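*Asks:* Predicted coordinates and the sequence they were generated for:
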2 protein chains.
Amino acid sequence: MEHKIGLIGCGTVGQGLLQILHDKKGYLRDAFGFEARVVAISDKLKGTLLAPEGLDIPTVLGLLGAGKGLAEYPKATPAQVEPLDPLDMIERTDADIIAEMTYTDIQTAEPATGYIKKALRLGKNVVTSNKGPAALHYREIQDLARKNGLQFRIEGTVMSGTPVFHLAEAGLAGNAIREVKGILNGTTNFILSKMETDGMDYAPALALAQKLGYAEADPTADVEGYDALAKVVILSNVLLGASLKTTDVARQGISAITKADVEAAKAQGFRYKLIGQAKKGADGTVTASVSPQKLPLSDPLAGVMGAQNALSLETDMMGKVTIQGAGAGKLETGFAILSDILAVHRC
Amino acid sequence: MEHKIGLIGCGTVGQGLLQILHDKKGYLRDAFGFEARVVAISDKLKGTLLAPEGLDIPTVLGLLGAGKGLAEYPKATPAQVEPLDPLDMIERTDADIIAEMTYTDIQTAEPATGYIKKALRLGKNVVTSNKGPAALHYREIQDLARKNGLQFRIEGTVMSGTPVFHLAEAGLAGNAIREVKGILNGTTNFILSKMETDGMDYAPALALAQKLGYAEADPTADVEGYDALAKVVILSNVLLGASLKTTDVARQGISAITKADVEAAKAQGFRYKLIGQAKKGADGTVTASVSPQKLPLSDPLAGVMGAQNALSLETDMMGKVTIQGAGAGKLETGFAILSDILAVHRC
């Protein structure tokens, strides 16, 4: 079956997705009977491309890789390149799947939430890597999708393409999940790992993370736990059935952790990790937090080093199940989007 | 939708499945629209029960728990209790799913393979926790299932209900898997863990494992790596597309590992684990082995202690993804069967 795909946002993740759709074309067709035609791209910086016949991915990646805009897409090809707001693009395209990959605004979840709702109202499935809509409006958007017989999928919002929601939905289906506990931010895990294994203090470890591209120039969202907090809210609401807001979650980052703290913990057989956690109480209430915790080395999360992410799910039948993998990356988050598109394809 | 389920083998795993189907009845109906009627049980020791209207699970579990046979199922209930060979049971029942849960014979894979093929030929889906048919005849059985538009599912054959095949099939779908590497036997991992953390030598650690019920009176299948070998063959053939036989896999157990070996490794920053591994070469050839390996503590498998199992999958898009969880258990393997039944229900 062929799917028509429209992209909103074509930065790192969008370009990762395009690369995968191109490189894996034959494999995806043979293995899953899946074919994709990319029919629209709308990006605030790079412009708009509407190509109902399907656009040529190498040409698009070549333009973007050379720092050019979509307006320079060859005119010989039947495509339209006038700038369009994503809301208008959604209206004009006949895509059956919209991949929303714009940047997270955790305060408002806009403009992404507006794009997603419009797409669902117009009968299009939506997959997204944007934490805003998933953290602030998951239930409402999911209800809208169900009402319209569509899917709203969010694998890429937590741990990039390392399967968390797919894991709960397929492999662990039937289990009641009582608690989730994870290393959900690669930047802070990289910094804490360096502080322990290389004996660095916080400031030089952060500087190294910035130099290597793991941390932003303004590292607040990572090191103060805001990024992990958004993910904890998503996990709480999707996997534990809670209705938490971001303000319901206690949050403490790692910027006050010193080399001495890390060494003292190590001497006691413990290891500092920034842990996002959510637990369902006997009365069904979910309490959640983000905080540095000293884990015993026997905890499956204690061995997760560097920029890796991991999540433990405490279940009623399977006990604790832990998955570890990449938490970010162009190909990894591009794959998260693909895995959601393939889930739409399967059902 | 209601499924009619027939059980072949009603030992620990079968009773675990029955318990789950009973305890989770309401949840499974509400969450997935799944309803199950258990219409047949055939067990070499416990007898036969044919109950087209559905049998009463608490009554069956009560009988078996009291050491009684299925022949004592109350006669007032419309059910037939004359002894029937599983092959005849398959013919007489109108079950749409057969759960095959007899013991593994890794030399012949019989009589399970005969049961499975007969069920598939008669239009019934098959789910199994039996390693024999999956290790010796996976491709042939899978082809038979496909030809008949049916499913043959084997989640319980590796790591009990900790999702391995579901993970590859849903969450990681689209990735090419290049290598799998895992701790696939809980008994040997328990023994090696005790040798390191409690400074025990091999023989007392084995004796403790036997006392706690982790190891059999004859521990050969576990400690000499035969159990892990069967799982490596299954993983190779299912996830890497190989056609390995059990004789193609180099095998070495842990019985020659001494406390001194474990301590020497620890002093160098390594940890002994019995590792099952399979790798696809550049030419597509898969080579596989089971052997004790000294892992650096940075390996995600190094931190897996006690009777836990774990598997790392090396993929082209997601890099290394590792899943850790229970490797055995009544409820855990019963859940593996349920997860496969739910997969049949979904599709």
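*Replies:* Okay, I see it.

*Asks:* residue ranges with poor pLDDT in chain A?
*Replies:* A:76-79 (pLDDT under 70).

*Asks:* Report the residue ranges of every domain in it.
*Replies:* A:2-161+A:330-346, A:173-325 (automatic domain parsing).

*Asks:* I'd like those domains as JSON lines, with distance to chain B and mean neighbour count appended.
*Replies:* Any C-beta I mention is one placed from the backbone N, CA and C, and that applies to glycine too. Converted to JSON lines, those look like this (distance: least, C-beta to the nearest C-beta, whole Å; neighbours: other C-beta atoms under 10 Å in any protein chain shown):
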{"stretch": "domain A:2-161+A:330-346", "distance to chain B": "4", "mean neighbour count": "20"}
{"stretch": "domain A:173-325", "distance to chain B": "3", "mean neighbour count": "20"}
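
*Asks:* Can I get those in a markdown table including distance to B:Leu84?
*Replies:* Shown next, in a markdown table, are the domains of chain A (distance: least, C-beta to C-beta, whole Å):
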| stretch | distance to B:Leu84 |
| --- | --- |
| domain A:2-161+A:330-346 | 38 |
| domain A:173-325 | 30 |
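
*Asks:* what's the closest of the ones you listed to B:Gly11?
*Replies:* Proximity to B:Gly11 (C-beta to C-beta) singles out domain A:173-325 among these, at 18.2 Å.

*Asks:* Off-centre distance for stretch A:329-341?
*Replies:* 9 Å (C-alpha atoms, centre = their mean, to the nearest Å).

*Asks:* May I have that stretch exported as PDB, CA atoms only?
*Replies:* Extracted in PDB, the C-alpha atoms of stretch A:329-341 (Å, rounded to 0.1, in the frame of the first residue of the first chain):
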ATOM      1  CA  GLY A 329      20.100  11.600  16.800                       C
ATOM      2  CA  LYS A 330      19.200  12.500  13.200                       C
ATOM      3  CA  LEU A 331      18.700   8.900  12.000                       C
ATOM      4  CA  GLU A 332      17.400   7.700  15.400                       C
ATOM      5  CA  THR A 333      14.600  10.300  15.600                       C
ATOM      6  CA  GLY A 334      13.900  10.000  11.900                       C
ATOM      7  CA  PHE A 335      13.500   6.300  12.500                       C
ATOM      8  CA  ALA A 336      11.000   7.000  15.400                       C
ATOM      9  CA  ILE A 337       8.800   8.800  12.800                       C
ATOM     10  CA  LEU A 338       9.200   5.900  10.400                       C
ATOM     11  CA  SER A 339       8.200   3.400  13.100                       C
ATOM     12  CA  ASP A 340       5.000   5.400  13.700                       C
ATOM     13  CA  ILE A 341       4.300   5.600  10.000                       C
END
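
*Asks:* what's next to that stretch, contact-wise?
*Replies:* Outside of stretch A:329-341, the residues within contact range by C-beta atoms under 8 Å, 6 or more residues apart in numbering or on different chains are A:3, A:5, A:12-21, A:24, A:36, A:97, A:99, A:101, A:127-129, A:151, A:153-156, A:160-163, A:166, A:326, B:170-175, B:317-319.

*Asks:* Just the residues you listed: which are in helices?
*Replies:* Using DSSP state H, the subset of the contacts of stretch A:329-341 located in helices is A:Thr12, A:Val13, A:Gly14, A:Gln15, A:Gly16, A:Leu17, A:Leu18, A:Gln19, A:Ile20, A:Leu21, A:His166.

*Asks:* my guess is the last one meets B:Ala170, correct?
*Replies:* Yes. With contact taken as C-beta atoms under 8 Å, A:His166 and B:Ala170 are classed as touching, separated by 4.7 Å.

*Asks:* Please say which of these two ends up with more neighbours.
*Replies:* A:His166 (26 against 23; other C-beta atoms under 10 Å in any protein chain shown).

*Asks:* list the contacts for the nearest residue to that one once chain neighbours are set aside?
*Replies:* Of all residues not flanking A:His166 in the chain, B:Gly171 sits nearest, at 3.6 Å (C-beta to C-beta, 6 or more residues apart in numbering or on different chains). By C-beta under 8 Å, 6+ apart, the contact list for B:Gly171 reads A:Glu155, A:Pro163, A:His166, A:Leu167, A:Ala170, A:Gly171, A:Ser339.

*Asks:* Report the set of residues contacting both of A:His166 and B:Ala170.
*Replies:* Shared contacts of A:His166 and B:Ala170, counting by C-beta under 8 Å, 6+ apart, come down to A:Ser339, A:Ala343.

*Asks:* Could you give the bridge partners of the residue nearest to A:Leu55 when sequence neighbours are not counted?
*Replies:* Excluding the flanking residues, the one nearest A:Leu55 by C-beta to C-beta, 6+ apart is A:Val38, at 5.4 Å. Residues in a beta bridge with A:Val38, per DSSP bridges, are A:Ile5.

*Asks:* can you check A:Leu50 too?
*Replies:* A:Ala40, A:Gln80.

*Asks:* my read: it touches A:Glu91, true?
*Replies:* No. Taking C-beta under 8 Å as the definition, A:Leu50 is not a contact partner of A:Glu91, at 10.9 Å.

*Asks:* where exactly do the strands run in chain A?
*Replies:* A:2-8, A:35-43, A:47-50, A:97-100, A:125-128, A:152-153, A:177-183, A:250-251, A:270-280, A:286-296, A:309-315, A:319-325 (DSSP state E).

*Asks:* give me every residue that touches A:Tyr138.
*Replies:* Counted by C-beta under 8 Å, 6+ apart, A:Tyr138 has contacts A:Ile154, A:Ile234, A:Asn237, A:Val238.

*Asks:* Distance-wise, check the second one relative to A:Val249.
*Replies:* What that stands for is A:Ile234. For A:Ile234, the distance to A:Val249 equals 11 Å [C-beta to C-beta, to the nearest Å].

*Asks:* tell me the contacts of the closest residue in space to A:Gly281 that isn't next to it in sequence?
*Replies:* Once flanking residues are discounted, A:Gly281 sits nearest to A:Thr287: 6.8 Å by C-beta to C-beta, 6+ apart. By C-beta under 8 Å, 6+ apart, A:Thr287 lies in contact with A:Ala278, A:Lys279, A:Gly281.
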